[in-house]
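Visitor: Got a sequence here, can you model it:
(one chain, ligands or ions: 1)
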Amino acid sequence: MASTYDQYREEMIGRANVADTPELVAYYQRLQSLGTGALWTVANKIEPWEPASTSVPYLWRYRDLREDVLRSLELVTPEQAGRRVVYLENPGRADVVAAVGWLYSGLQVMGPGECASSHRHSASALRFIMEGSGAFTNVDGHKMTLGANDFVLTPNGTWHEHGVSEDGTVCIWQDGLDIPLMNALDANFYEVHPELQQAISFPVNDSLGMWAGSALRPAGVTWTKPYSPLLKYEWGPTYEALLRYASVSEGSPYDGLLMEYVNPHTGGPVMPTIGASMQMLRAGQHTKAHRHTGSFVYQCAKGRGYSIINGQRFDWQERDIFVVPSWCWHEHVNLSEGEDACLFTFNDLPVMRSLGIYREEAFGENGGHQPILA
Ligand code: GTQ
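Guide: Okay, the predicted model is just below:
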């Protein structure tokens, strides 16, 4: 059925359908020597019927990675490495060092008393804390303390450095950045701060004091930067917000109870190119499948379960990271015994939305569930 339809579509008027002849092959060689090509030889590839991501659905189990991430503590110092990070490489995106689409992800590890040097770049960055205590980051002089499942911004152009206090423990967090996107756009700059560590110019955690007041905002304070003035979103209030949401709403059949982290000044995404959300799946919930444009990196923040991505099952538990490439069918199942499960994501939805290329579609057959492929 599908193949007949595909064949029919390939034969539709307006699609390239030219057989090679000796004259044409010679002609293509001639064009190539001129730094040109015949559009009809590439048209079906460069203008697919729908997005055809080279990224593959993929899952990295934390328990498989943790020991090797910790091993880097003995092998290199933050000074030597600049960033002591093990990055996640999507098998289809090794050439651009992306975890999915144009998004980068890595696991950064720091020991007590260590601090990486201050720098800034065109790439927008975020951290999602995986384990350990005493981690901190300083973003343009705003120092923040970081705990497990806290979500922190280091927006593009801000000076930032991260470390762990002397009385802390080894800390591991996920770094999420749009490095591949900045490189694709040929717009990536990187600068090292004139001093190794920047000054702490504001009270610690001041952005929360100012902007984390849920439906309240500081009177008479203006904010003109293109990213959120709130730089840290703590796990406690995030989870509480989800529980409150769950008490009054069914949420979405596709996403469960999904809440986006927002810029409290605008209500928009936290950074111009990267959005983030936390979603709660109720005990026993199995969402319906849908697909949309945009690339997604998930990290399980609570519970365990599995996701079916383009017919493939991926089992996850706390701290596992998995990716859903653009336009891939996906649905989630919570397997935590009598408990909710929570999935953090960061994604390029702000790019999709601001460029007007966001699209979504429900999986129509089989009651909204994908068949699992062998
Ligand atoms: O700390 O901003 O994992 O610049 C990769 C590149 C983290 C960072 C990474 C970076 C950073």
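Visitor: residues in the stretch 101-250 of the chain within reach of the ligand, list them.
Guide: Residues of the stretch 101-250 of the chain lying close to the ligand (CB under 6 Å from any ligand atom) are G106, Q108, H121, A125, T154, D175, L177. For every residue, glycine as well, the C-beta is placed using N, CA and C.
Visitor: Among the residues you listed, name the buried ones.
Guide: G106, Q108, H121, A125, T154, D175, L177 (16 or more other CB atoms under 10 Å).
Visitor: Mind checking which of the residues you listed are in helices?
Guide: Counting by DSSP state H, those place none of their members in helices.
Visitor: Make JSON lines out of those residues and add pLDDT.
Guide: Conversion of these to JSON lines gives the following (pLDDT from 0 to 100):
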{"residue": "G106", "pLDDT": "98"}
{"residue": "Q108", "pLDDT": "98"}
{"residue": "H121", "pLDDT": "97"}
{"residue": "A125", "pLDDT": "98"}
{"residue": "T154", "pLDDT": "97"}
{"residue": "D175", "pLDDT": "98"}
{"residue": "L177", "pLDDT": "98"}
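Visitor: Out of those residues, give me the two with the largest separation.
Guide: Spatial extent of those (CB to CB) is set by the pair Q108 and H121 at 14.9 Å.
Visitor: picking up where we left off before, export the buried ones among the residues of the stretch 101-250 of the chain next to the ligand as JSON lines, with columns for distance to M259.
Guide: Shown next, in JSON lines, are these (distance: CB to CB, whole Å):
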{"residue": "G106", "distance to M259": "25"}
{"residue": "Q108", "distance to M259": "26"}
{"residue": "H121", "distance to M259": "28"}
{"residue": "A125", "distance to M259": "21"}
{"residue": "T154", "distance to M259": "22"}
{"residue": "D175", "distance to M259": "22"}
{"residue": "L177", "distance to M259": "23"}
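Visitor: Of the residues you listed, which belong to strands?
Guide: Members of these lying in strands (criterion: DSSP state E): G106, Q108, H121, A125, T154, D175, L177.
Visitor: before we move on, back to that, now flag whichever of the residues of the stretch 101-250 of the chain next to the ligand is closest to I200.
Guide: Nearest to I200 among those: T154, at 15.3 Å, using CB to CB.
Visitor: was I right about that closest one contacting D140?
Guide: No: when contacts are counted by CB atoms under 8 Å, T154 is not listed as touching D140 (9.0 Å).
Visitor: Now the common contact residues for those two.
Guide: Common neighbours of T154 and D140 are listed as H160 (criterion: CB atoms under 8 Å, 6 or more residues apart in numbering).
Visitor: quick one: contacts for the residue lying closest to F322 once chain neighbours are set aside?
Guide: Using CB to CB, 6 or more residues apart in numbering and skipping the chain neighbours, the partner closest in space to F322 is L59 (3.9 Å). If you count contacts by CB under 8 Å, 6+ apart, L59 has them with F314, D315, W316, D320, I321, F322, V323.
Visitor: Of those residues, just the buried ones, PyMOL syntax please.
Guide: Selection of the buried residues among these in PyMOL, burial being defined by 16+ other CB under 10 Å:
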select buried, resi 314+316+320+321+322+323
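Visitor: For the contacts of L59, which two are the farthest from each other?
Guide: Using CB to CB, the two most remote members of the contacts of L59 are D315 and V323, lying 14.8 Å apart.
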